[in-house]
Every structure is written in C-alpha cells, then in structure tokens.
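K.L.:
Following is a predicted model, sequence given first.
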Amino acid sequence: MNAATTDLCILREGEPIDTAALRRALVIATDSERLAEAVRRDMRVEPHIIRSTEGLHLLEQVALARRAELDANQRISVVITNYNYGRFIADAIDSVLAQTMPVDEIIVVDDASTDDSLHVLERYASQVKAKLIRHPHNRGNPGATRNTGIAAATGAYIICLDADDMLEPTYVETCFNAIRGDIGIGVVYTGVQTLIHGTGQRIVHHHWPLQFSWVWSVAKKTPPNNCIPTASLFRRSMWERCGGYDESIRCGEDAAFWVKALGTGFEARKCTEEPLFVYRRHGPSISTTRTWDDLSIYHRAYTGYKPLAAPTGEARIAALAVPSFERPVVSVIIPCGAKHARYLPTAIESVLAQTFAQWEIVVANDTGDTLPLKPYPFVRVVNTSAPGSGSSAARNAGIEAARAPLVLFLDADDWLLPSALETMLRAYAKGNAGYVYCDWWAVDGAAPARVVSTRDYDRRAWLDPNTNGLHPVTVLMSRGDAISVGMFNESTRGFEDWEFFIRCAIAGLCGARIRQPLLAYRTHTGVNRERSLALRKEIVASLMDRYGAHMSGEEELVACCGGDAKAVSAVQDALPQTKSLHYEIAPDGTVEMAYTGLHRGEVTYFGKYTGCIGCKPIRAEAGDVKRLEMTGVWRVVEKTLPPAPEPAVIE
C-alpha cells in the first residue's frame, strides 16, 4: 500500500467500500474518458458494495491522482512591491535569487517611483525570472500594488515582499515544505528579525509573529491586531477566493487581508520560529506615517458574526452567532457603470461588515460586461436594458428586483461604515420620517478623509434651484415609497438624485438626518457629478419646467408624513432589543463568568486559572474573556445599565 493512501483515510481489510463512489472520484481526479466509461458501465451493475481488496486499490489510485493534481502546479512567484526604494531593492531581489529552493518568477511592481529604482532594476533585465510592471501613476496603496503583481503571477504559491525587506536563504524551502502537504493550509510564515539600517544590528523577535488567532485578529482595535507578517507564502487560490487585498484600506491592509482570506476556509500556520524574514527598519515607512482611522479597519470579521469557514484555532466552537439572509429587511442597491467596476468589491465588503445582517445586495450592472464578483456568489445581479443606460436606470432595475421592504442606495465607488445599516434602521423604526440620511466622510484620493456634516432636513434645500440639494443619494427608505414617487427619472441627463428627492419632498416623504458619518463618499471618482455640473443650467431649466409651481410655492406641498407602516413594523421586528452591558473587572484583573454548557462534572479552561466546578461562576483573567466566549459554553456575568442614548436624529 502506498503511503499516499493515508491522505484520505485508514481502512482495515475486509471492510465493505462503495467502489462506485471511488471510481467516480478517480474519474474526477484523472479526467480519463476511459474510466468515465467504466463508471457509466459500473453504475448499471450490482452490487456497488464489494469487499475492500479492490476498494483499497481504488482508494490508492484516487489518492495518487489527487497528489498528482496537487503537484501539477508547484510554481512559486515572488511579488516585490517598490516605491522609491532604489537604495534597497537590489538587496530584496538578491535575497530571493539566493534561495536554496529557487522560485519560478520574480515580479517587481513599481508604484511610479521618482528615484533611481528603474536604473537599479536594469541590471536584472537579463534575468529570465524577473519581470517589471510599472504603475503609470502612484496608487499610494500597498494592497493595490500587491494585487497588480499577484494578478500577473503564474505561480500557485505567492510570496509578497516589500522592496526594503529581505528573505534568509532557506525561507522559500521551509515555507513550501510546510504548506504543500496540507491543502487546508492557506498561508505559512516564519519568525522575524529586524535589521537596523545604518548599524547592521539584527534583533530577533520572540513575541511576534504569533500563531494565528482568529479571536485576537478580529478584536476591534486601532491599529488592528495582526499575527502574520507581510512576507508569507500563501496560495494564490486563497487570494482569488477572497477577492484579493482591499484597495480602499489606507493602512493595515495586510491584517484585513489575512482575516478576509482565512475566513473563506483556510488555516494559517507559523511553520518555524527561525527568523527567516528580515524586516528592515530605516525611518519613516507607510505604516508609521499613515494616519489610522475608522475607515482603515472595517471588515466583515468585526461584526461579531464568525464566518463558518473561518479557522477555529484556539477554541472548540460549541455555538456560533451566524447571520441569516433568508428574509432580508433591507435591499442594498448598488448601480455599477464601467468606470466604477474596480471599486465594487469595496462597496460589497462594507455591506458584509454591517452589524445588522438581514440584508441582500442587488448589483445593477450597467457595464455590459461580467463584473468581478467571483468571491461574492450571494450577490444578486440584474442588468440594465442596455450598457450605459445610466445610474437612474440601474437604480430602478435594482428597486424592481429588490425583495426587502426597505432599500438603501449605495454607489459602487462608495462604502458604508459598519454600523450604518443598524443606525439608519433604528432611526427609521421611529416611524416619523419618509427616509433617513446621514453625515459622511469625504474621501479624496490619497488626501486625509474628512467629515462632512450635512444640514438638517429642509424641503426648501431640494426645491431651491440655486442649490445642489442636501445630501448624497445614499438614503434608507421604503421600497414602496420609492416606487410611489416614480423612482428615478431615466431621461434626466444629470442630477438624477436631485430630481428624485424633489419628488419625495413634493409627496411629503421628508428626511431625517443622523448626525453621524456613516458613509464614505469618494469625491474624485464621480462620472455623473462632473457631467451634471457641466449641464447644470440646462438641467435646472428642465426641473423648473416640470416642478416650477412647487419650487416657487404656487402649488402646496403634501404635509410631511412618516415612513411606510409595514416597513416600519418589519424593521421594529428585526432589530434586536439591545441593552448596555458592563463587564466588571475586579482589582485583581479578573471577570466573573458562568458556565452554560451541558457538562456537570469538573470543567477546565485554559488561562490563568486552571479549573472550576460545574455551573458555578469563576473568576477568569480579563484577557481570557473573549477566548472563553468563543467556546459557546461560557458567558460573562453581566450588569445591566440603562440603555445608551441613540444617535441624534434631526427631523
């Protein structure tokens, strides 16, 4: 028996085996027409269950075929990202070329450097393995630069290396041997040493990196926790499955990537304590000069829900908080034109990060092409009647396809902060507004994000031809109300959202403002915005023709009314009745916790304290609280405080 058989299972002679199933597996593994015909023949013959001598032989063939499949592409690609590191990049490339296990290709992605980087790279032009990709404009984002390199790579395994760092000679060999034998491992990494530039001093880190911990990695913290160094060896299939690095994250993109990637069903492993990754410290870097803010750390993992495919790691999970999407309360409608398709994953990720989980995403495709939605099979896609029909037609298609009682409009180049849906729904649930809107973050390329405070609701802001309206199109409202005002005018050549909210104002669907920035709004990517401003005079004249009597006050407006009663009721039923909880930490640093599992004997947990009896409360070290909660059989003994004040809503 070949040892490869044990990759699947261990069987004893004489045990019955379903050989028909094994033959089908073998056909899949080998893609053999001859064996396919044999399977079709065997499917017509009884019995399928025979003694295990033949079964074990087939099992061995399946295992060997699977091994051959895994070995078919063992190419390793190293992606080196560079911006103005001409003084260091030769060291990075040379460290890769010096590996005891040679890599198959080196891809250098230059983010429009202005120093001598290209001159330095010329000396490697004759290297067969080396390939240079240069961004025409500086993207200013390590995640975007890495995505460029990985997309161009041909290897099944990827190593990302910053141009100012290096690898010890055995790095690739050590990591590859650790990952190749276990298809469940998505990423492996080693110990780290720091090279002090200028002195040559090397410092070995014993406290970091850690073995990967899901609980620790998803803790809400600024900057976010990260167990895994940038220079790690990971499967390209994992990168593809999760959608790659999030290019909207300003700093900490690697921490967010590892959590997102491992949430798709892979494990992470620190394969050695040896410091085989060399991190160079040489003064200011992106991570030390960038400003950390709330926009940098949003992610689906911070919602409190654990992806079912995420690694359990340090805890046996007895119970999980899993969201249900069977009956959505709100349909998030995302119109997507050709120039915004690259931003769409960020908008979708922001919905995944919501603390309120009863949503659906409807993407209205106005591109005429296939959208980059492979990592998001749950997204419903509707197409406009013809490519380039415009955002009005796309939003209308989304409204018509929506299954939820409420809709929220989100442009593909914008994104929501994690509490956006829950906060807006709580405001809508009061029932005294036709729709809800919020303040927003203005995101303008590489410039620091800034908060823009909208004004309190006043219908005159929409009816005054000398203004451009009151707030962005991202509002929460009843689907029925959106339909009742005629949805968006598809013949309007610009400011289509302005006309929509004029209709709402006339019909008495007045807004309520939330004084919180819950939306990130890209101010530099709008296509319709520039066109609308150029045609403003013409558009205003058209609006005056249609709504002039209301805008001038000649015709009376319908009195402001509350939200749709059925939609309000649906929201009230869906929102959890939250209470404010206080974890009392004793002077000795412990928290009182109670056992809620089924075991009635001695209960042991791992932490500062080693055991407790049955259901009696224990005093757990504060640092162990999250670990114990993740087991599903321990809870904090809580003190209930008065409910926290809700966000200010101005009607």
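P.N.:
Noted; the coordinates are in hand.

K.L.:
Helices of the stretch 301-450 of the chain, residue ranges please.
P.N.:
344-352, 391-401, 420-428 (DSSP state H, counting those that start in this stretch).

K.L.:
Out of the ones you listed, flag the one nearest residue 548.
P.N.:
Residue 548 lies closest to helix 391-401 among the helices of the stretch 301-450 of the chain, at 21.1 Å (CB to CB). (Each C-beta comes from the backbone N, C-alpha and C, glycine too.)

K.L.:
so which of the helices of the stretch 301-450 of the chain gets nearest residue 483?
P.N.:
With CB to CB, the closest approach to residue 483 among the helices of the stretch 301-450 of the chain belongs to helix 391-401: 6.6 Å.

K.L.:
what packs against that closest one?
P.N.:
strand 330-336, strand 359-365, strand 380-383, strand 406-409, helix 479-484 (3 or more CB pairs under 8 Å, 6 or more residues apart in numbering; DSSP states H and E).

K.L.:
thought residue 139 was touching residue 145?
P.N.:
Yes. Residue 139 lies in contact with residue 145 (CB atoms under 8 Å); the separation is 6.1 Å.

K.L.:
joint contacts of those two?
P.N.:
Applying CB atoms under 8 Å, 6 or more residues apart in numbering, one finds that residue 139 and residue 145 are jointly contacted by residue 111.

K.L.:
Just name the most buried of the helices of the stretch 301-450 of the chain.
P.N.:
helix 420-428 (a mean of 25; mean count of other CB atoms under 10 Å).

K.L.:
Off-centre distance for it?
P.N.:
Relative to its parent chain, helix 420-428 has a centroid offset of 21 Å by CA atoms, centre = their mean, to the nearest Å.

K.L.:
How about residues contacting it?
P.N.:
For helix 420-428, the surrounding residues in contact (CB under 8 Å, 6+ apart) are 329-330, 332, 350-351, 354-356, 359, 406, 408, 433, 435-436, 438, 476-477, 512, 514, 516, 518-519, 563, 567-568, 571, 574-575, 646-647, 649.

K.L.:
Can you select the buried ones from those residues in ChimeraX?
P.N.:
In ChimeraX, a selection of the buried entries from the contacts of helix 420-428 looks like this (16 or more other CB atoms under 10 Å):
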select :329,330,332,350,351,354,355,356,359,406,408,433,435,436,438,476,477,512,514,516,518,519,563,567,568,571,574,575,649
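
K.L.:
does the closest residue to residue 473 other than its chain neighbours count as helix, strand or coil?
P.N.:
Closest residue to residue 473 apart from its sequence neighbours, by CB to CB, 6 or more residues apart in numbering: residue 497 at 4.0 Å. Here residue 497 is recorded as helix under DSSP: H, G, I helix; E, B strand; the rest coil.

K.L.:
I'd like to know how far residue 497 sits from residue 491.
P.N.:
Distance, residue 497 to residue 491, by CB to CB, to the nearest Å: 15 Å.

K.L.:
before we move on, what about residue 227?
P.N.:
54 Å.

K.L.:
Looking at the two, which one has more neighbours?
P.N.:
Set residue 227 next to residue 491 and count neighbours by other CB atoms under 10 Å: residue 227 wins out with 21 against 10.

K.L.:
picking up where we left off before, with neighbour numbers in mind, choose between residue 139 and residue 145.
P.N.:
Taking other CB under 10 Å, residue 139 and residue 145 do not tie; residue 145 has more neighbours (27 against 19).

K.L.:
Let me see the contact set for the more buried one.
P.N.:
81, 83, 109, 111, 135, 139.

K.L.:
so which helix or strand takes in the last one?
P.N.:
Read that as residue 139. Element membership of residue 139 [criterion: DSSP states H and E] is none; it lies in no helix or strand.

K.L.:
Could you pull up the residues touching it?
P.N.:
111, 112, 145, 247 are the contacts of residue 139 under CB under 8 Å, 6+ apart.

K.L.:
Next, count neighbours for the nearest residue to the last one once chain neighbours are set aside.
P.N.:
Spelled out, it's residue 247. In space, and not counting its chain neighbours, residue 247 is closest to residue 144: 4.3 Å by CB to CB, 6+ apart. By the measure other CB under 10 Å, the count of residues near residue 144 is 21.

K.L.:
Show the average pLDDT along the host helix or strand of residue 144.
P.N.:
For residue 144, the element it lies in under DSSP H and E is helix 142-152. Mean per-residue pLDDT for helix 142-152: 94.

K.L.:
repeat for stretch 489-509
P.N.:
86.

K.L.:
hmm, back to that, the residue nearest to residue 473 reaches residue 469, doesn't it?
P.N.:
Yes. Look at residue 497 against residue 469 with CB under 8 Å: they come within range, at 7.1 Å.

K.L.:
still on that earlier bit, of the contacts of residue 139, which pair is most distant in space?
P.N.:
Taking CB to CB as the measure, the contacts of residue 139 span a maximum distance of 15.5 Å, between 112 and 247.

K.L.:
Now do stretch 448-463: distance from first to last residue.
P.N.:
The first and last residues of stretch 448-463 sit 33 Å apart, counting by CA to CA, to the nearest Å.

K.L.:
Could you list the buried residues of that stretch?
P.N.:
Result for stretch 448-463 [16+ other CB under 10 Å]: buried residues 449, 454, 457, 459, 461, 462, 463.

K.L.:
Without its sequence neighbours, what residue ends up closest to the third one?
P.N.:
If you skip the residues right next to it in sequence, residue 457 has residue 511 as its closest partner in space, 4.4 Å away by CB to CB, 6+ apart.

K.L.:
what are the phi and psi values for that neighbour?
P.N.:
phi -90, psi 160 (degrees, to the nearest 10).

K.L.:
how close does it sit to residue 470?
P.N.:
8 Å.

K.L.:
Look at the two and report which has more neighbours.
P.N.:
residue 511 (28 against 21).

K.L.:
pLDDT-wise, which helix or strand of this structure ranks last?
P.N.:
Here the helix or strand of the chain ranked lowest by mean pLDDT, DSSP states H and E is strand 49-50, holding a mean of 41.

K.L.:
just to revisit the earlier point, check the gap between the residue nearest to residue 473 and residue 341 for me.
P.N.:
21 Å.

K.L.:
neighbour count winner among those two?
P.N.:
Neighbour count, other CB under 10 Å: between residue 497 and residue 341, residue 497 has more, with 25 against 20.

K.L.:
so what's the more buried one up against?
P.N.:
Residue 497 neighbours (CB under 8 Å, 6+ apart): 469, 472, 473, 488.

K.L.:
list the contacts for the residue nearest to the last one when sequence neighbours are not counted?
P.N.:
This points to residue 488. Of all residues beyond its chain neighbours, the one nearest residue 488 is residue 392 (3.7 Å), with distances taken as CB to CB, 6+ apart. Counting by CB under 8 Å, 6+ apart, residue 392 touches 487, 488, 489, 490, 492, 496.

K.L.:
Show me the two of these that sit farthest apart.
P.N.:
Spanning the widest gap among those are 487 and 492, at 11.6 Å by CB to CB.

K.L.:
now the strands: where do they sit in the stretch 501-650 of the chain?
P.N.:
511-522, 580-582, 590-595, 602-603, 612-613, 618-621, 634-636, 639-641, 649-650 (DSSP state E, counting those that start in this stretch).

K.L.:
how close does the residue nearest the centre of the chain get to residue 365?
P.N.:
Among the residues of the chain, the one closest to the centroid is residue 349, at 4.3 Å (CA atoms, centre = their mean). Between residue 349 and residue 365 the computed distance is 18 Å (CB to CB).
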